[in-house]
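J.: Build me a structure from this.
(chains A, B and C)
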Amino acid sequence: MKFLFIFTLISILSSCNKFTSSFYEPKTAKDVLRNRCVSCHGYLEKDDQYLTQLGYIKPGFPSQSVIYKYIKKSKAKGPQSMPPRGELSEKELSLIESWIKNVKPRPVLVGEKNVHSITPLSNLEVFDRCSLQLTNFDYSKAPKSLITSIKHGDISGVQGCLKIIESSYLKKDGSLKEETSLNRNTLLTFQKLHNNWFNEWNFFVAMSSWGTFEVLDPGSMGYFFSKSLLDKEMSFKEIFKGSQSYEAIRKSPLKTQYLVYKFKDEPRYKVEDYRFIYGLSEGSDYKEWFPNRVPSGVLVGIKEIPKNRDILKNVVNSKDNQKEINPAVEIKINKDIHEGLGGGILGSEVFVNLNLGQDLGKKMNGGRIIPRRWSKAIINELLCRDLPVIPIKKAIGFVQKNSQISFRKKESCMACHATMDPLANLVRNVEQSYSADAGGDGMIHSTHLRFHKEDKKYPRELSPVDDDPFFHLRPAYGRFIYQDVRGNYIDKEIKSLDELGAALLETDDLYLCTVKKYFNFFTGIDVHMNLFIQGAQTPEELYIKNLLEESSQSLKQSGDLTQAIGILLNSKIYRSKNFKVSE
Amino acid sequence: MDDTNRRIFLKQLLSTLGYSLLPSNISAKTKTTDINYVQINIAGGPSRWSFDNPIAPLVGSSYVPHPMIVNNFSNTGPIASLAGLDYQRFKVNDWYMPQFWKDKLLTSTGEVQASSLLNNCLIVRGCHMRNDGHSLNNRKLSAPIPGGSSITGLLADKMGEKLFPSINLVGDSGVEAVAGGAFKSKENSIQINTPQNDKNPLSYLLSPFLISKPHKARWLHLIKEELGEVGLRNYKKMLQDFNKRVTEYQRIINFSLDASYYTSIGERPVQGADLKAIKEGRVDPTLAKYLNYDFLIGNSDFRTILVKAKVKNLAEQFATAELLLTHGLCGNITINVNTVSNLFYENSIANDKFSREILSVGSTQLSYKGGNDRYTGAKHLNNFQLDSHDTGLLPNIFLTHALFKSISSCLAEFKLNLEGKSLYDKTFIHLASEFDRDPRADCSGSEHGWNGHISSFYSGSIKGLKVVGNIFTQSPGDSYYTKNGTWGQGAPVKENGNRPISYGNIASSLANVLNIESPSPNDRPLFERKAGKVNSFINEVKNIDS
Amino acid sequence: MILKIILIFLFSFSVFSESKNLNRKEVFLNRFQLANTLAEKFGPNSKPIIEKYIFSRPSIFYGPCDIYGQVYKKEKDLPVNILPSSTCYSGLTENKITLNATTSKLRQALMLKSCIAFVENESTFNFFKAKYKINKKEQVSLAFYPSRNFSFKSTKLEDAVVEICISKGWQKI
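T.: Sure thing, here's the model as predicted:
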């Protein structure tokens, strides 16, 4: 009874915030970390497995654990500098020590386990399910011959599903091979799915830049994936190379008469009332240009945007509301507004534009002003990883004690920055600009990227810089510093976005990330990348892990998204009523 | 231990054992939260110098005056004259707030002094937003890392049994360009956006449950089965209460728009612009002080600009929020404040008849192009542009006062009703706009102060008034104007690692209070809520000479 | 007694030791799938009911809008989208709503309203009865669950149809 009473007390105090008293009395190591460390070192909130995997603790060995070595008065040989003010009490120190001593890595299951679907679906039921998911209609709307074949057992339900995808394939010109309402639905479903993989979509960041929606499509990133899936000629690998961009082919009985963006509580603006302007305006004199608008209508295909179709002659580098302090300067760029920087989706105008994260007219300086949001988006959205990905002991090597930038001096910060910053350096020559200095009644201006040309006068930097006014003119150079889900530490020199694309294509992470997103769509099961890092801990996890590995390896080898999806659909888990399997 | 005690003990044991063994992350944040969050979002970023951004909050605070940062007519005589304008403070406990807080606010139980709201208020000033931009910064107020999770989203994930995980009461600004449009949760929770400026947002929200009497009777068994207690609540009564509350809030707002009650500035007729003698060509630069966006205001008594003024939809939004909270339907609400509209112009000239030339930084010239068109009247489009670039000195003084008095009065009424249901301690109200403003030398308006955002918080869990955050007495640069007087540009705070406060710090603080994970975990929190009380980690509130 | 407690402790430990690398969410039909399925069952006259309660509520029934799928034409001086299935009702943020729907009390309430409306509307109810050749409640099961028997609590035919219409089984993927 006494034991249970004490245990309860410990449970209550260690678990629920509701019962936290107004004074701090740590009972577990987690209490100590939460109260003494987390406000500066947020990652220490994460679980034991994460801390082990990233090298913060060595289970069973406090004196060899980074966290412990940093604590003042710990008996381990180390910096002993934390916390910066004051020190931990003996009790707090011993709680941390015994915690690390007692961390046991959870057992990992290996080897194939024989599973079966719980409540398996019939072929027709499987076909019904994927029909709904892809075409938004149940199987009754599918071609009669297909339904008959499935009913007769000539083909399986999953094969029927693949036929749905294949019938939505695109011709060489990008339009649907067979334009039926079901195929249009399938195309649109995939495009919506791919569009949802990317977070940033809103061009309206500052001063009348809502007009950008008229010439740039925020769904552009999704088109890369949709086209690769539905165009037999476009391998998955091509998503990550070249400077090609894609746009929708849309059909409509008439052209839209109103602009895309509805501004505030005003009535929608009419297309006929608005002109695209560029450059500096002299009084009421505006220069007009005529880019192709993003097409409106029913989605019936995806095609390559022809090169040099929409050339923007001049841009300005400042906003019209900063006339006084930063009068706009007109700059000649003669740029194809859809041309990317290379690496396919990585350097595409829309992906970089939306994720640049830097103000208009700011040149990248190698220090605070580099496109970190872009590099973070690559890690989050394309590799499904959260920073930090490299172990802390590697991060130590990137610390720059002499930097004026505070985060460069701390390894806890460099754990993320060591990956983000060298990657961001690759798009150093990009600057946000506006097509014109004014916008508003009757005039549309949009945000575009300006690419600075490399100037031979400024050679490649030898080490990271704090503030280099010529950084944007130096050759594109970066590093891919990453630890993949297999635990391989990568430190690769990268000189172009195509090279970055190639480096990403070598990882397994890229493929695992892609297939797991399809898996989530089809089954509602969201798989954490930790599954591949730490290994499976339950039979169900093991099954799903093996399935996704199989699908991703197929994608890596064949570059065929349909094939990878087919493996997922053919799985016992997809073909079970509630997406469950057991031994 | 007797039997009853043993049973109670065992119940507790089992529930906590089960809970404490969850193999989730060690922060042990609860699965649901019991703190309500209401963000009052003022998109556009009007100036708050004379409201809740105290430029000289301590008795010894040094500051450099700017002709636009004024709130008091000090001259004697029957007419308040421009020459008498200065800045006056009002002592609230140990703090020196702008004179605004002397005003009396109307509530349903009578008048209260505005400063009573400051009995439970925390103000964070001098927050640096890093980049300029309305949409970028207003959306940050919800999702501090663009593209990342939002406060409202993470809170929605923890709303537990509440009917609505998150509600955005949509105003003039729509959804996508402002904080409501940055909603992003981790668990696919939803946010409901009410139709823009809806006359009855509560009815829209409750519409799934509004079943007419005959239907209810006919289908009662299925309603019970499917919806349980939720389907059987007296929604009709809630809607009747809504109508009553809207009327009350509207009455309160109407009083707030009566300029004659404004401390000092409204107490006597205010000197108007002399437009009779205006001739083509260069004009008296003082006229710039009467510019209001698209008109040069010619009202002989400037106060009359507000005689027909309205603040659209504010009453409806506050009434909705109040009922949602008091009935436990939602604890995560965004109110989007519309501007003061329907201003009365007397003998006013359209702005396009003027040209304002910029000769050099801070030096401008106003010229009149001629013509005899004068406009007299009030229409919806005559309004206060919250993004007050071209809102000159006089309109800015009155219109910001009108706007913030309307909001404060509604807030006082809101507070009263929450206190009545013992909810004020558990509600955290956040008054937020993109940034404060950097005033023009010619007093014709003010520019974006992107490095001087201010957030003020009201809650029963905040005891007293506290102001934190450092500002520069004179801008050293990295702002629109340099050496422009004290308007609120963020300065480094030693307690914040020698950096100005960033919005990530505020978001982490909110996360602390609301018991959710921070959407900006790398930014340390500035305050927390412990044992029902908000404690600030930082105390600095200096005016720093650069 | 103590043994019972220990057993409960061990049980809760194993239950909560479930996988944390997998986050499972039941997938429900989104507004597009629901609209098509219901229109199939209740006929073309069900479309206004579906639009009012289901399709125009993307934040409750999920399914993102298609920004450029909208084509606006001037009708009586007002812009009208001639391709209504693409409409972004509250603005462009709706393009980021997920495809996979989850359930909530709000969804249940709106489904209840829709199903009651289908049954109370003569043309939709008659369409349903004619399509599935129904004159008694036992035959209703097949309309929503072709391969299993739905056990009804209701006795009347109309009630049975509403009951099965709001049931979650057929609304899951």
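
J.: How much space separates the residue of chain C found nearest chain B from C:Ala130?
T.: Going by Cβ to the nearest Cβ, chain B is nearest to C:Ala109 of chain C, at 3.6 Å. C-beta: built from backbone N, CA, C; applies to glycine. The gap separating C:Ala109 from C:Ala130 is 29 Å, by Cβ to Cβ, to the nearest Å.

J.: Name the residue in these two with the higher neighbour count.
T.: Comparing C:Ala109 with C:Ala130 by other Cβ atoms under 10 Å in any protein chain shown, the one with more neighbours is C:Ala109, at 25 against 10.

J.: Could you pull up the residues touching the more buried one?
T.: Residues near C:Ala109 by Cβ atoms under 8 Å, 6 or more residues apart in numbering or on different chains: B:208-209, B:226-227, B:230-231.

J.: Try it again at 6 Å.
T.: B:208-209, B:227 (Cβ atoms under 6 Å, 6 or more residues apart in numbering or on different chains).

J.: and it, what pLDDT?
T.: On the pLDDT scale, C:Ala109 is placed at 96.

J.: Please name the residues that touch B:Trp450.
T.: Here B:Trp450 is in contact with B:129, B:132, B:435 (Cβ under 6 Å, 6+ apart).

J.: any idea which helix or strand carries residue 96?
T.: Went with chain A since none was named. A:Ile96 belongs to helix A:90-102 when assigned by DSSP states H and E.

J.: try chain B instead
T.: Taking DSSP H and E as the criterion, B:Tyr96 maps to strand B:95-98.

J.: List the neighbouring strands of the following helix or strand past that strand plus their orientation.
T.: The helix or strand immediately downstream of strand B:95-98 is strand B:104-107, counting by DSSP H and E. The strands that strand B:104-107 pairs with in its sheet are strand B:110-113 (antiparallel) (by DSSP bridges).

J.: number of nearby residues for A:Gln257?
T.: For A:Gln257, the neighbour count with other Cβ under 10 Å is 18.

J.: That one against C:Lys74, yeah?
T.: Yes - A:Gln257 lies in contact with C:Lys74 (Cβ atoms under 6 Å); the separation is 5.4 Å.

J.: Quickly note the distance from the residue lying closest to B:Asp198 once chain neighbours are set aside to B:Arg48.
T.: Excluding the flanking residues, the one nearest B:Asp198 by Cβ to Cβ, 6 or more residues apart in numbering or on different chains is B:Tyr204, at 5.5 Å. Separation of B:Tyr204 from B:Arg48 (Cβ to Cβ): 31 Å.

J.: Could you measure from B:Ser360 over to A:Lys394?
T.: 52 Å.

J.: meant to ask about B:Asn200, not that
T.: If you go by Cβ to Cβ, the gap between B:Asn200 and A:Lys394 works out to 59 Å.

J.: right, and the secondary structure at A:Phe407 would be what?
T.: State at A:Phe407, reduced to three classes by DSSP: H, G, I helix; E, B strand; the rest coil: helix.

J.: ugh, wrong one, C:Pro48
T.: helix.

J.: Quickly find the element holding residue 158.
T.: I went with chain A, as the question did not name one. With DSSP H and E as criterion, A:Val158 is part of helix A:157-166.

J.: that's the wrong chain, I wanted chain C
T.: Going by DSSP H and E, C:Glu158 is in helix C:157-166.

J.: Need the residues that contact the helix or strand just after the helix holding A:Val158.
T.: Note on helix A:157-166: by DSSP H and E, the next helix or strand toward the C-terminus is helix A:181-195. Applying Cβ under 6 Å, 6+ apart, the contact partners of helix A:181-195 are A:134-136, A:167-168, A:176, A:219, A:222, A:225-226, A:229, A:299, A:521, C:64, C:99.

J.: which ones among those are found in helices?
T.: Mapping the contacts of helix A:181-195 onto helices (DSSP state H) picks out A:134-135, A:222, A:225-226, A:229, A:521.

J.: Just give me the closest of these to chain C.
T.: Closest to chain C, out of all of those and judged by Cβ to the nearest Cβ, is A:Phe521, at 6.4 Å.
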